[in-house]
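A.B. asks: have a look at this prediction, sequence included:
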Amino acid sequence: MLMTLYRKYRPQKLSEIVGQEAITTVLLKQLESGNIPHAYIFSGPRGTGKTSTARILAKALNCKKVKGEKFSEPCGECSACRSIVEGSYMDLIEIDAASNRSIDDIRDLREKIRLSPTEGRFKVYIIDEVHMLTQEAFNALLKTLEEPPGHAIFILATTEPQKLPATILSRAQRFSFLRPTVAQITTRLEQIAKSEKWGFGKEALHEIAKAADGAFRDAEVLLEKIAAVNTKADTAEVKKILGKGEARTDLLNCLVEAEIEKALLWLNNFLDSGGNIRILSEAILADLRALLLLKQNVGVELLGELTEGELAEFEKMAAELPARKILKWVNLFTQALVDLRNASIPQLPLEVAIVEACGYDRITESESETPVEKPRAEVKPVEIDVKKSATSGKLEDVLAHWEDILKAVKPKNNSLEIFLRGSTPKEFEDGVLVLEFGYRFHKDRFDEPKNREMVEAILEKVLGTSVKIKGIVGTPPLKSPVKEDLPAFSQGSKEETDPVEVFGKLE
């Protein structure tokens, strides 16, 4: 029978649980002494071994080779141990609280729990994702936990213990499962690859471990996925299959060099080749976190997941970049990751972040404490035709002059013009214009006093009447309300702007 890796290599003894030694030591002592509590709470991130530990505990309590009132590790050979592994043991009841969360489900459990075990010494109830139960169901469960029958053991597993009522928490022994390190996951993958006779290198397995986000089960699923393609995949092929690409060596270097066109082309080529935009965004943020921590001289201790080559590259980059710039990039790409959920054009939030990051780089490097007047290309002021009909203050008038307004804003603040081009005038009543932005980040930048006052002054000049603007956040637009195409980012902007005006004062 075919069996997935995470089931095939699931730990069968407490000593095989990796990264949870503090928990397994206590459980073994309890088994050996015979002092078994009637209820446990296993909490922690997904894929850390909560359910596996619960099943091992059920095996230990019902193992046929145990005599007397003291227990030990399960033998794994008796009928009870084999039945639990196969999922056919009558006295191990596993309940998914996400789909069995009502009071009726718990009442049914309370009625059946009174019955004596069918095969073993204990009935073990594993309730997974117990935080999903309704309040009424928790109240019903509480009654059972207060007066449990002697043959019943409850193991409540959850990824969100903060959602459990205090009355439940106080009636069970709680064990918090730790998130495993990348090194621990890599070691586990090496053992599996060796057992399966696969030829993965250590760096390739290291990449899989990083992508698993602290979950053994996720790492094993990813390993199986990649092995289906190539059981000897190298690091580059693993990155390609995972959809991570070479974010460190390519895109990040484009940001450092402020190469907007190259960065945007790289991004779109990456997506065209099947790359995952969310995984890429998370990888960029992980890279920026590495730079930020290294800049503070604490990265080596906190970034154990980096290879020696990556660490050397990041240390060099962190030494060259100012902390202010790194912080700005972190904020930009964090907002881009948030905006991905509602983006009608998947790559647009990341493209905006790239343009802003590269633009900020150019500005930062050109500014100084004592500004010196430099020769600059003459920017011709935009001639605005103020028509008498505009004084009526109608939304139609704003839309009719919207392109003129954008042209007037661009020489003063190029980045703000980009944000405004992606916004939509929605209402105009009593001198108040409601402007809808696709992203909160854009609205927040517009709401900075200097930016808002500048646009209001331009509107007053165009419309011939005083205008106040109210910004709101709506759905990210597919296109500008006036002009079909977005500006050509690939050409870059040669005009200098005030960084404080665009980005706000950084403390």
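C.D. replies: Now that the structure is in, tell me what you want to look at.

A.B. asks: report the buried residues of stretch 231-243.
C.D. replies: By 16 or more other C-beta atoms under 10 Å, the buried positions in stretch 231-243 come out as 233, 235, 238-243. From N, CA and C alone the C-beta is placed, and that goes for glycine too.

A.B. asks: what does that stretch contact?
C.D. replies: Contacts to stretch 231-243, defined as C-beta atoms under 8 Å, 6 or more residues apart in numbering, come from residues 196, 198-201, 203-204, 206-208, 211, 222, 225-227, 229-230, 245-246, 274-276, 279-280.

A.B. asks: in helices only, show me these.
C.D. replies: Those of these mapping onto helices are 196, 203-204, 206-208, 211, 222, 225-227, 229, 279-280, per DSSP state H.

A.B. asks: point out the least confident one among those.
C.D. replies: Lowest in pLDDT among those is I279, which has 79.

A.B. asks: pLDDT weak spots in the stretch 251-400 of the chain?
C.D. replies: Applying pLDDT under 70 to the stretch 251-400 of the chain flags residues 274, 299-307, 360-393.

A.B. asks: please name every helix or strand in contact with the helix or strand hosting D108.
C.D. replies: Assigned by DSSP states H and E, D108 belongs to helix 103-113. Judged by 3 or more C-beta pairs under 8 Å, 6 or more residues apart in numbering; DSSP states H and E, the packing partners of helix 103-113 are strand 92-96, strand 123-128, helix 135-146.

A.B. asks: adding distance to S466, write the ones you listed out as TSV.
C.D. replies: What follows is the helices and strands packed on helix 103-113, written out as TSV (distance: least, C-beta to C-beta, whole Å):
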stretch	distance to S466
strand 92-96	61
strand 123-128	62
helix 135-146	54
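
A.B. asks: so which of those comes closest to G47?
C.D. replies: Minimum separation from G47 across the helices and strands packed on helix 103-113 (C-beta to C-beta) falls at strand 123-128, 12.8 Å.

A.B. asks: tell me which other helices or strands the closest one touches.
C.D. replies: Using 3+ C-beta pairs under 8 Å, 6+ apart, strand 123-128 is in contact with helix 50-62, strand 92-96, helix 103-113, strand 152-158.

A.B. asks: 7 Å - rerun?
C.D. replies: In terms of contacts (3 or more C-beta pairs under 7 Å, 6 or more residues apart in numbering; DSSP states H and E), strand 123-128 is packed against helix 50-62, strand 92-96, strand 152-158.

A.B. asks: can you count the residues close to M90?
C.D. replies: Neighbours of M90 under the rule other C-beta atoms under 10 Å: 11.

A.B. asks: need the contact list for it.
C.D. replies: 118-119 (C-beta atoms under 7 Å, 6 or more residues apart in numbering).

A.B. asks: wait, a helix at it?
C.D. replies: No. Counting by DSSP: H, G, I helix; E, B strand; the rest coil, M90 is located in no helix; its state is coil.

A.B. asks: phi, psi of it?
C.D. replies: Phi and psi for M90, reported as degrees, to the nearest 10, are phi -70, psi -30.

A.B. asks: tell me the confidence at it?
C.D. replies: pLDDT for M90: 91.

A.B. asks: next: F503.
C.D. replies: Taking F503 on its own, its pLDDT is 48.

A.B. asks: just how off-centre is stretch 282-291 within its chain?
C.D. replies: 12 Å (C-alpha atoms, centre = their mean, to the nearest Å).

A.B. asks: tell me which residues of it come out buried.
C.D. replies: So, applying 16+ other C-beta under 10 Å, buried residues of stretch 282-291: 282-288, 290-291.

A.B. asks: looking at these, which is nearest T181?
C.D. replies: A286 (14.9 Å).

A.B. asks: adding distance to E313 and mean neighbour count, write the helices and strands packed on strand 123-128 out as a markdown table.
C.D. replies: Converted to a markdown table, the helices and strands packed on strand 123-128 look like this (distance: least, C-beta to C-beta, whole Å; neighbours: other C-beta atoms under 10 Å):
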| stretch | distance to E313 | mean neighbour count |
| --- | --- | --- |
| helix 50-62 | 37 | 24 |
| strand 92-96 | 45 | 17 |
| strand 152-158 | 40 | 23 |
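
A.B. asks: quick one, what contacts L178?
C.D. replies: Here L178 is in contact with 19-20, 44, 48 (C-beta under 7 Å, 6+ apart).
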